[in-house]
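S.K.: pasting the sequence and the predicted model now:
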Amino acid sequence: MKRFARAVVTVAAFCWGGAWAAAGPPAPGAIAAPQDKPYPGFLTLDIDARDVQRRIVHVAEHIEDVGGDLVLLYPRWLPGNHSTTGPVTRLAGLRISAGETPLSWHRDALDMNAFHVRVPAGAKAVDVQFDYLSPTSEKVDPLEISGDVLTLDWSSVVLYPAGFFARQIPVQASVRVPAGWQLATALEAAGPADGRTAFRRVSLETLVDSPVFAGRHAARLDLDPGAAVPVMLNLFADRPEQLAIKPAQLDLYRALVQQAVRLYGSRHYAHYDFLYALTDQLAEKGLEHHESSENISAPDTLSDWDKSPQDRDLLAHEFTHSWNGKFRRPADLWTPNYNVPMRDSLLWVYEGQTEYWGFVLAARAGLLTKPQFLDALAVIAARYELQAGRQWRPLQDTTNDPILNHHRPVPWADWQRYKDYYDEGLLVWLDADTLIRERSGGQRSLDDFARSFFGVNDGSTEVVTYTFEDVVRALDAVEPYDWAAFLRQRLDAAGAPAPLEGLRRGGYHLVYTDKPGDFQRDADAKGKQNNLMHSLGMVIDEKDGAVRAVAWNGPAFKAGITESAQVLAVNGIAYDAEVLADAIRAASQSHAPIALITRTGSRFHIAHIEYSGGLRYPHLERDPGVPARLDQILAARAH
């Protein structure tokens, strides 16, 4: 440990020069707060992303009109991530110069994403070079680059001057990708030059909001033919045959665009590009931007369509963010640049209502069938009916999870709760939608809220922020009610029943049978897991018996089983999924404990699980005594 510490000091002294070694690290310097005034010059940013084998991206940046000493910022708080996920530790080889003169720099002692640069008198521009070291394996972080597909977030490859709003800093960017590869982005190309694709000058805000996908195998499809405001589906895949999309599938994605526009009654983009990679070489992903979205799914998403319903709401969710999250944005999530802290208090609107509309729009477009939607909703509802963590932690507090956890998994998700503003938020908005429909006799719905709240200023891309009070006023304008109390009770109360009133009012109730629904069966098959959360209270790897999750205070928990254990045998028989299912069925008759031999590290344990309730999987069952409001919600809009 001490030897490592000495090595760090030696490297630092080499990078910072002898003066620092003699005098010690510089004291923290002043970092100018961002001001809404034009940056006097501009940035030129050239990216070389051709080294896909080693996943190294080379960055060359020219900054005009620096006007003296400079503080350069590496983005830290990233839109859509809602947290400090700017990967500054991947920056290496930083070199800064003014003409032929190398310039010294030092990292701020308090803000690790800020670099102080001493600029000599008379110098009007500086050149910056560094390497962005994209993850080389999943042990480091989720992969962004493979031999066939790459994703490029501009926030990872730029340093920008402190003291200005991001929208006030003009950037002229270009990128090089491997020869023969195609690329897609919401940026408008100015034309190729010297093997580069150059883009028209935009603000730093627009640049960061316009990622690039590129790949060896690509296709570009028009999702709104003949429209004045085009929407394109840009597909990338590991192999060319994975790009094949059937006419019926293409029609469903086109219907998604139509249903979204009919819901919101507006467009807040000059054009929109779905960037969609079908690959198992990169981590699955969904990330919103104003005029595009980053989407990564399994390579067989199109070719094995009938077995991939769990991915069908992805594009609908990210498309909805163009209205909710990008155009209309929570006031405490809007920041003037990428180094001012965000606050996440309204993620139950930003993400929760987007999750709701993502599923609803997918159903209205036909991407999800009604049975698939109902199965998915049953799985969500059952999770919160079971979840122990709701007894102590309110939903509102989970909006802090991106900042608390930096998107790391937690060991006891059922007890700790994790980012529940997505799916529990969905249930809250279903509750609100069905309540509006019930109170108005079917004359009004949450559709009216979506149109009046997110559909304002048709054609504008200028961000309009909102507060909790704005949400309440807009709901009240649709249907007078004490919406503040309605929302605060669901957001702030701990120990209350799961918010399932929307199901009841929608004409359905939650039931359990001994067979999974198609949606859960396909999701479990894709995840190679055996989901027994509603019986034994755990999720197990289908093949090797590794325990992936345990329900707090459930039968497996009481028997001493934890996540990371491995089930080796069931009642003396080597584990496989069917052997365990047979044991659960037998215990429902014999009421005898189920004996599991487990291994954790080098320790073996015999767990006796006291459970005789049989296999249990959630479903929604129609209640004929209540109007089928949920069916009405799922019906496609004709106009």
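M.R.: That came in fine, so what should we check first?

S.K.: how is the chain partitioned into domains?
M.R.: 1-30, 31-204, 216-507, 518-617 (automatic domain parsing).

S.K.: the second one: end-to-end distance?
M.R.: When you say that, I think you mean domain 31-204. Start-to-end span of domain 31-204 (Cα to Cα, to the nearest Å) is 19 Å.

S.K.: averaged pLDDT, that domain. What do you get?
M.R.: On average, the pLDDT along domain 31-204 is 95.

S.K.: who are the packing partners of the helix or strand hosting His317?
M.R.: Per DSSP states H and E, His317 falls inside helix 314-320. Other elements packing on helix 314-320 under the criterion 3 or more Cβ pairs under 8 Å, 6 or more residues apart in numbering; DSSP states H and E are helix 247-264, strand 272-278, strand 285-288, strand 292-297, helix 352-365. Glycine gets a C-beta too; all of them are placed from N, C-alpha and C.

S.K.: nearest to Lys124, of the ones you listed?
M.R.: Nearest to Lys124, of all those, is strand 292-297, at 34.6 Å by Cβ to Cβ.

S.K.: put the alpha carbons of that closest one into PDB.
M.R.: Extracted in PDB, the C-alpha atoms of strand 292-297 (Å, rounded to 0.1, in the frame of the first residue of the first chain):
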ATOM      1  CA  SER A 292     -32.000  11.600 -30.800                       C
ATOM      2  CA  SER A 293     -31.700   8.600 -28.400                       C
ATOM      3  CA  GLU A 294     -29.100   6.000 -27.700                       C
ATOM      4  CA  ASN A 295     -30.600   2.500 -27.700                       C
ATOM      5  CA  ILE A 296     -28.800  -0.900 -27.500                       C
ATOM      6  CA  SER A 297     -30.600  -4.200 -27.400                       C
END
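
S.K.: got the contact list for it?
M.R.: Strand 292-297 is touched from outside by 151, 153, 185-186, 210-211, 213, 272-279, 282-287, 308, 311, 314-315, 318-319, 321-322, with contacts defined as Cβ atoms under 8 Å, 6 or more residues apart in numbering.

S.K.: about what we covered before: tabulate the helices and strands packed on helix 314-320 (a markdown table), appending mean neighbour count and mean pLDDT.
M.R.: Shown next, in a markdown table, are the helices and strands packed on helix 314-320 (neighbours: other Cβ atoms under 10 Å; pLDDT from 0 to 100):
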| stretch | mean neighbour count | mean pLDDT |
| --- | --- | --- |
| helix 247-264 | 18 | 98 |
| strand 272-278 | 25 | 98 |
| strand 285-288 | 19 | 96 |
| strand 292-297 | 25 | 98 |
| helix 352-365 | 26 | 98 |
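
S.K.: and those as JSON lines, adding distance to Asn571?
M.R.: Formatted as JSON lines, these follow (distance: least, Cβ to Cβ, whole Å):
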{"stretch": "helix 247-264", "distance to Asn571": "45"}
{"stretch": "strand 272-278", "distance to Asn571": "42"}
{"stretch": "strand 285-288", "distance to Asn571": "41"}
{"stretch": "strand 292-297", "distance to Asn571": "39"}
{"stretch": "helix 352-365", "distance to Asn571": "40"}
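
S.K.: right, so of these, which gets closest to Arg451?
M.R.: Set against Arg451 and scored by Cβ to Cβ, these come closest in helix 247-264, at 6.1 Å.

S.K.: what angle do strand 272-278 and that closest one make with each other?
M.R.: Relative orientation of helix 247-264 versus strand 272-278 (axes from the mean of the first three to the mean of the last three Cα atoms, to 10 degrees): 140 degrees.

S.K.: elements contacting helix 247-264?
M.R.: Under the contact criterion of 3+ Cβ pairs under 8 Å, 6+ apart, helix 247-264 touches helix 314-320, helix 352-365, helix 446-454.

S.K.: just how off-centre is it within its chain?
M.R.: 22 Å (Cα atoms, centre = their mean, to the nearest Å).

S.K.: nearest residue to Gly41 other than its sequence neighbours?
M.R.: Asp65 (2.8 Å; Cβ to Cβ, 6 or more residues apart in numbering).

S.K.: that neighbour: what's it in contact with?
M.R.: By Cβ under 8 Å, 6+ apart, the contact list for Asp65 reads Tyr39, Pro40, Gly41, Phe42, Lys124, Ala125.

S.K.: and for Arg616?
M.R.: For Arg616, the contacting residues are Tyr512, Thr513, Asp514, His534, Ser535, by Cβ under 8 Å, 6+ apart.

S.K.: so the residue nearest to the last one when sequence neighbours are not counted versus Ala382, what's the distance?
M.R.: Leaving aside its sequence neighbours, Ser535 sits nearest to Arg616 (Cβ to Cβ, 6+ apart; 4.8 Å). Arg616 sits at a distance of 9 Å from Ala382 (criterion: Cβ to Cβ, to the nearest Å).

S.K.: how about Ala186?
M.R.: Counting by Cβ to Cβ, the gap from Ala186 to Ala382 is 38 Å.

S.K.: and Pro593, by the same measure?
M.R.: 25 Å.

S.K.: ok, these two, which is more surrounded?
M.R.: For Pro593 versus Ala382, neighbours defined as other Cβ atoms under 10 Å are more numerous around Ala382 (23 against 16).

S.K.: what strand or helix carries that one?
M.R.: Per DSSP H and E: helix 370-386 holds Ala382.

S.K.: I'd like the mean pLDDT over that helix, please.
M.R.: 97.

S.K.: number of residues surrounding Gly68?
M.R.: Under the neighbour criterion other Cβ under 10 Å, Gly68 is assigned a count of 10.

S.K.: so it makes contact with Val119?
M.R.: Yes: counting by Cβ atoms under 8 Å, Val119 is a contact partner of Gly68 at 5.9 Å.

S.K.: about what we covered before: what's the following helix or strand after the helix holding His317?
M.R.: Counting by DSSP H and E, what follows helix 314-320 is strand 328-330.

S.K.: list of residues touching that next one?
M.R.: Residues outside strand 328-330 that contact it (Cβ under 8 Å, 6+ apart) are 344-347, 349-350, 453-454, 463-467.

S.K.: mind running it again at 10 Å?
M.R.: 79, 82, 268, 290, 321-322, 324, 335, 342-350, 399, 453-457, 463-468, 470-471 (Cβ atoms under 10 Å, 6 or more residues apart in numbering).

S.K.: and the strands in the stretch 101-250 of the chain?
M.R.: 101-102, 105-107, 114-117, 125-133, 149-152, 160-161, 170-176, 182-185, 189-193, 196-199, 202-203, 212-215, 217-222, 231-237 (DSSP state E, counting those that start in this stretch).

S.K.: what helices or strands is the third one leaning on?
M.R.: Packed against strand 114-117, as judged by 3 or more Cβ pairs under 10 Å, 6 or more residues apart in numbering; DSSP states H and E, are the following elements: strand 70-73, strand 91-98, strand 105-107, strand 125-133.
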